[in-house]
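> sharing a sequence plus its predicted fold:
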Amino acid sequence: MHKLLHAWGHNQLTAEEQSKYSQAAFRLVVEAIEGCSRAPDGKLRLVLHVMGSFAALSGASDRTNGITEDVVDEVAGVGGFMTDVGLWPETRTSEEYVWQARRRLLGVDDPDTITAMSNLAVTLGQQGCLEEAALMQKEVLVKRQLILGEDHPDTISAMNNLAVTLGDQGQLDEAAKMKKEVLEKMTRVLGEEHPDTKVAAQNLAIPVRRQKKRSLLRFLRIKPRK
């Protein structure tokens, strides 16, 4: 929707009408996303339209609390679109909205709310907000352990995400310990030949290599001169 029409709508329509028409416009943009080319240029051409429609949608819906779960799901899809084109700030904006909307609509312990929180935490990690990401991922892990159980695939995935962030923070011993547990759980639950188990084995090698490199550097620093 053109920005002049947005301005006209803001002045002429009631809050309920703004919410209704903003949702309709946003759905059109979502349809455009679904039908666009997989080429990066084709996706990038839609970014301004997507974020403009999202801004109108979020503003109008916040004034009326008129957001529905279907629309929230569509916003989540937009977050995936932004991830595909590498726009992490825009991804974060949409994922924060989805998380807050699902907290309000579904409750803090609903599986979809926890998934939204997990997605946002991963994006924060991608942006370098490692401390904030780790705090959220610890909360996601605890919630999934309590609700789904220790050996549920989503719980194991949450543990792996936290381990990655801890490794990025330089907490290599803790990251390696956690990734070893992830590998053991995946081997037991999924089997040794499952693709996710093989990926977990590869992931475990990363902090182990970093640990060995750090140990070598420490040795070189304290090695006495001859």
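Alright, I've got the coordinates.
> what is the burial count for the nearest residue to A76 once chain neighbours are set aside?
Beyond its immediate neighbours in the sequence, the residue positioned closest to A76 (C-beta to C-beta, 6 or more residues apart in numbering) is V98, lying 4.8 Å away. Where you see a C-beta, it was placed from the backbone N, CA and C, and this is true even at glycine. V98 has 25 neighbours, counted by other C-beta atoms under 10 Å.
> and what of L135?
Applying other C-beta under 10 Å, we find 15 residues neighbouring L135.
> buried residues in the helix or strand where L120 lies?
Per DSSP states H and E, L120 falls inside helix 111-126. Judged by neighbour count (16 or more other C-beta atoms under 10 Å), helix 111-126 contains these buried residues: 112-125.
> need those residues in TSV (columns: pLDDT and distance to L135).
Formatted as TSV, those follow (pLDDT from 0 to 100; distance: C-beta to C-beta, whole Å):
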residue	pLDDT	distance to L135
D112	96	21
T113	97	17
I114	98	14
T115	97	17
A116	97	16
M117	98	11
S118	97	13
N119	96	15
L120	97	12
A121	98	8
V122	96	13
T123	96	14
L124	97	9
G125	96	11
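> what would these look like in JSON lines with distance to N203?
Shown next, in JSON lines, are the buried residues of helix 111-126 (distance: C-beta to C-beta, whole Å):
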{"residue": "D112", "distance to N203": "26"}
{"residue": "T113", "distance to N203": "26"}
{"residue": "I114", "distance to N203": "22"}
{"residue": "T115", "distance to N203": "21"}
{"residue": "A116", "distance to N203": "24"}
{"residue": "M117", "distance to N203": "22"}
{"residue": "S118", "distance to N203": "17"}
{"residue": "N119", "distance to N203": "19"}
{"residue": "L120", "distance to N203": "21"}
{"residue": "A121", "distance to N203": "17"}
{"residue": "V122", "distance to N203": "14"}
{"residue": "T123", "distance to N203": "19"}
{"residue": "L124", "distance to N203": "19"}
{"residue": "G125", "distance to N203": "14"}
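> ok, the residue nearest to A76 - contacts?
V98 makes contact with V72, V75, A76, G79, A116, N119, L120, according to C-beta atoms under 8 Å, 6 or more residues apart in numbering.
> quick check, nearest of those to S94?
When the contacts of V98 are ranked by distance to S94 (C-beta to C-beta), G79 comes first, at 4.0 Å.
> that closest one: what's it in contact with?
G79 touches T91, S94, E95, V98, N119, counting by C-beta under 8 Å, 6+ apart.
> quick check: it vs I147, distance?
23 Å (C-beta to C-beta, to the nearest Å).
> please apply the same query to Q137.
For Q137 relative to I147 (C-beta to C-beta), the value is 16 Å.
> shaky segments in the protein?
By pLDDT under 70, the low-scoring segments of the chain are 1-26, 28, 30-50, 52-66, 207-226.
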